[in-house]
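> coords please:
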Amino acid sequence: MGSGLETEEQAQAPVRDEAAEFGARHAELAQGYGGGGDPDDPAMVQAMQMVLHIPKADPPARSSLLAAAAAAAVAVCLDPRSGPGGEWEPRYLAWKRSRIRKVARRARGAQWAAAAAVDGVSVEVDGAQARAFVPGPVGEIDQRIRKLQIGGTDLDHDEPGPADPSLPVLWVNAALAMSVGKAAAQVGHASMLLAGALPVHEAAAWAGREFRCAVRDADEQQWAALVAEVTAGRAVAVRDAGFTEVAPGSMTVIAVPPRP
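Sure, this is the predicted structure:
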């Protein structure tokens, strides 16, 4: 049994206020992102790299892989290491306050194992795995990530059924026919927007569930109803800059928080 007495080191150690620390990270995210434009040097353009684990044999369900990617992206943003004084803070803020970009790559086998050693957060959803990395300049991407293929592999659309009503749902605009890599970047944007839009206590509760969410495709009729939810302020939408695959200003994903 312990003595019940504090050591001198314990008595002098600062007491962490984890709620306040999370609140500071959330406040930064809630300010929105972008606005800083691109640097003159293309090599210094900021991007968050993401890697999707897509084995050749028994690949994951597309919806589960996208849910893992969405959770990993927001987890990096709200990780204590991205907060004030954290080791990731300078790289995270340089990206967040510039023009936001995400780049999704694919990996399998040894490539996936090597990627796990690079600073970031991995998430698994129903057997599907994705990792989001601490952002940085595109000219300084870790070689273990740079060599991974950006395109070339896609996954069939699946029908996972109704989402858990206790989870946020990220609805993907099916009419845009985005590749899995493009969709992964877009749901990553959506999870960030949603976390920033939520009251801090709800965002903290979501963090306690490791940012678990559901990803579903929305047909034309569903999409029209979702746009109405955005107009009413009950959902948040991602509008793409149009660098790849879709036209500038396209609404790609709508994130709907769980209803009470």
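
> Distance of Trp223 relative to Trp171?
Distance of Trp223 to Trp171, given as C-beta to C-beta, to the nearest Å: 7 Å. (Glycine included, C-beta is placed from N, CA and C.)

> Next, Asp126: phi, psi?
Per-residue torsions, Asp126: phi 50, psi 40 (degrees, to the nearest 10).

> Give me the residues contacting the helix or strand containing Leu226.
Taking DSSP states H and E as the criterion, Leu226 maps to helix 220-231. Outside helix 220-231, the residues within contact range by C-beta atoms under 8 Å, 6 or more residues apart in numbering are Trp171, Asn173, Ala174, Ala175, Ala218, Ala235, Val236, Ala237, Met251, Ile254, Val256.

> Hmm, the second one is touching Arg239, no?
Right, the one you point to is Asn173. No - Asn173 is beyond contact range of Arg239, at 10.9 Å (criterion: C-beta atoms under 8 Å).

> Show me which of these two is the more surrounded one.
Asn173 (26 against 13; other C-beta atoms under 10 Å).

> so where is the stretch 101-250 of the chain shaky, pLDDT-wise?
152, 242-244, 247 (pLDDT under 70).

> quick one, strands of it?
Counting by DSSP state E, counting those that start in this stretch, the stretch 101-250 of the chain has strands at residues 102-107, 120-125, 128-133, 136-137, 169-173, 214-218, 236-239.

> And the ones you listed: which comes nearest Arg81?
Taking C-beta to C-beta, strand 120-125 is the member of those nearest to Arg81, at 9.4 Å.

> for the closest one, packing partners?
helix 62-77, strand 128-133 (3 or more C-beta pairs under 8 Å, 6 or more residues apart in numbering; DSSP states H and E).

> Pairing partners for that strand, with directions?
strand 128-133 (antiparallel) (DSSP bridges).

> can you give me the helices for this protein?
Secondary structure of the chain by DSSP state H: the helices cover 8-12, 18-30, 62-77, 89-96, 110-115, 143-146, 180-197, 200-208, 220-231.

> Quick one: list the elements packing against the third one.
Judged by 3+ C-beta pairs under 8 Å, 6+ apart, the packing partners of helix 62-77 are strand 46-53, helix 89-96, strand 120-125, strand 128-133, strand 169-173, helix 180-197, strand 214-218.

> Looking at Trp223 and Trp171, which is more packed in?
Taking other C-beta under 10 Å, Trp223 and Trp171 do not tie; Trp171 has more neighbours (25 against 19).
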